[in-house]
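Asker: A predicted structure for the sequence below; I have some questions about it.
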Amino acid sequence: MPDIEPLFLSSLPLAALILFIVFAGAIVQAGLGMGFGLAVAPLLALLDPALVPASALYLGMATALFGAIRERENIAWSQVGVGMLGRSSGILCGVVALIYMTDRSTFQLVFGLLIAFGVLLSAFGWQLKLTLGSLVSMGGISGLMGVITSVGAPPLAIIYQNEDPKTARPTLAAFFAFGGAISLTALYLTGWAGLREFWMACAMAPAAILGTLVGRGLKGRFDASYRPLLLVVAGIASVLLIMRGVS
């Protein structure tokens, strides 16, 4: 793991900005049903690289777990199981890649490229039929992206976008909850996560909880025009990360 000292708790203005980003990302997630990872992770990587992937992944996993528990009766467990086969292989590939990322520039470059890929997947609205093969393959890509960037939703979104939301939403939530747990375990075993990342996630958790509550209250006022703005922000952040990585 690159030797990156956390800035989050050493600068009050920076901490306030990061908490606001987490708060806003949670509002987006609650209002649109997606977007926390794309809204939060690239900006955290720019402001304080020590917060990704592990601390951001904690928040994403907790959000997914809450959604899965709340709608557990509608989870398609067979789909979760198949998808986790692919997710596990993707996590393994991602962990191997992280082992060889010994400097900050390389990490930012790879992080930025994967976020850009996720933005493209979301922006172009590609569609893929839900099959065993697509679940395994997209689950693998999701696992690779998730363990490196904490953003694993875009690959699976392209196969669930036309499915019944009552089943798709809790099924994806269960997938990301279990996938997040496996990813964090892998990060701990390879030295990319520790108690420091856990406590930083705890410090950000109140902002995420408050944002979720506010987002639910505003849900009826959200519309599709927010999604392009989210993708633009994530896209700009990915370009800046790539530029940092190659400089």
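Answerer: Arrived safely, thanks for sending.

Asker: Quick check: N162 touching Q127?
Answerer: Yes. Between N162 and Q127 there is a contact at 6.7 Å, judged by C-beta atoms under 8 Å. C-beta: built from backbone N, CA, C; applies to glycine.

Asker: residues in contact with the spatially most central residue of the chain?
Answerer: Taking C-alpha atoms, centre = their mean, the centroid of the chain lies closest to V151, which sits 2.7 Å from it. By C-beta atoms under 8 Å, 6 or more residues apart in numbering, the residues touching V151 are G37, L38, A41, P42, L114, I115, G118, M145.

Asker: in which helix or strand would I find E163?
Answerer: E163 belongs to no helix or strand when assigned by DSSP states H and E.

Asker: With the flanking residues excluded, which residue is spatially nearest to it?
Answerer: Nearest non-adjacent residue to E163, counting by C-beta to C-beta, 6 or more residues apart in numbering: L130, 6.1 Å away.

Asker: related to what we said a few turns ago, now the residue nearest to the centre of the chain. Nearest residue, chain neighbours left out?
Answerer: Leaving aside its sequence neighbours, V151 sits nearest to G37 (C-beta to C-beta, 6+ apart; 3.8 Å).

Asker: swap in M61?
Answerer: In space, and not counting its chain neighbours, M61 is closest to G180: 3.0 Å by C-beta to C-beta, 6+ apart.

Asker: Can you get me a residue count around that neighbour?
Answerer: G180 is flanked by 24 other residues according to other C-beta atoms under 10 Å.

Asker: Go ahead and report the secondary structure state at Q29.
Answerer: With DSSP: H, G, I helix; E, B strand; the rest coil as the basis, Q29 sits in helix.

Asker: ok, it - contacts?
Answerer: Counting by C-beta under 8 Å, 6+ apart, Q29 touches G35, F36, A39, T63, G211, T212, G215.

Asker: do that again at 6 Å, thanks
Answerer: With contacts defined as C-beta atoms under 6 Å, 6 or more residues apart in numbering, the neighbours of Q29 are G35, F36.

Asker: Quick one: neighbours of the residue nearest to E163, just the number.
Answerer: When counting by other C-beta under 10 Å, one arrives at 18 neighbours for L130.

Asker: Now do it against G35, distance only.
Answerer: Using C-beta to C-beta, to the nearest Å, we find L130 at a distance of 21 Å from G35.

Asker: Likewise for G152?
Answerer: In terms of C-beta to C-beta, G152 sits 13 Å off from G35.

Asker: Between those two, which has more neighbouring residues?
Answerer: When G152 and G35 are compared on other C-beta under 10 Å, the one with more neighbours turns out to be G152, at 34 against 24.

Asker: Could you pull up the contacting residues of that one?
Answerer: Listed by C-beta under 6 Å, 6+ apart, the contact set of G152 reads S142, M145, G146.

Asker: what helix or strand is the second one on?
Answerer: It refers to M145. For M145, the host element (DSSP H and E) is helix 132-149.

Asker: Please spell out which residues along that helix are buried.
Answerer: Neighbour-count burial for helix 132-149 flags 134-149 (criterion: 16 or more other C-beta atoms under 10 Å).

Asker: That one packs against which elements?
Answerer: Counting by 3 or more C-beta pairs under 6 Å, 6 or more residues apart in numbering; DSSP states H and E, the packing neighbours recorded for helix 132-149 are helix 77-99, helix 104-124, helix 153-160.

Asker: how distant is that helix from the center of its chain?
Answerer: Average the C-alpha atoms of helix 132-149, do the same for its chain, and the two points are 12 Å apart (C-alpha atoms, centre = their mean, to the nearest Å).
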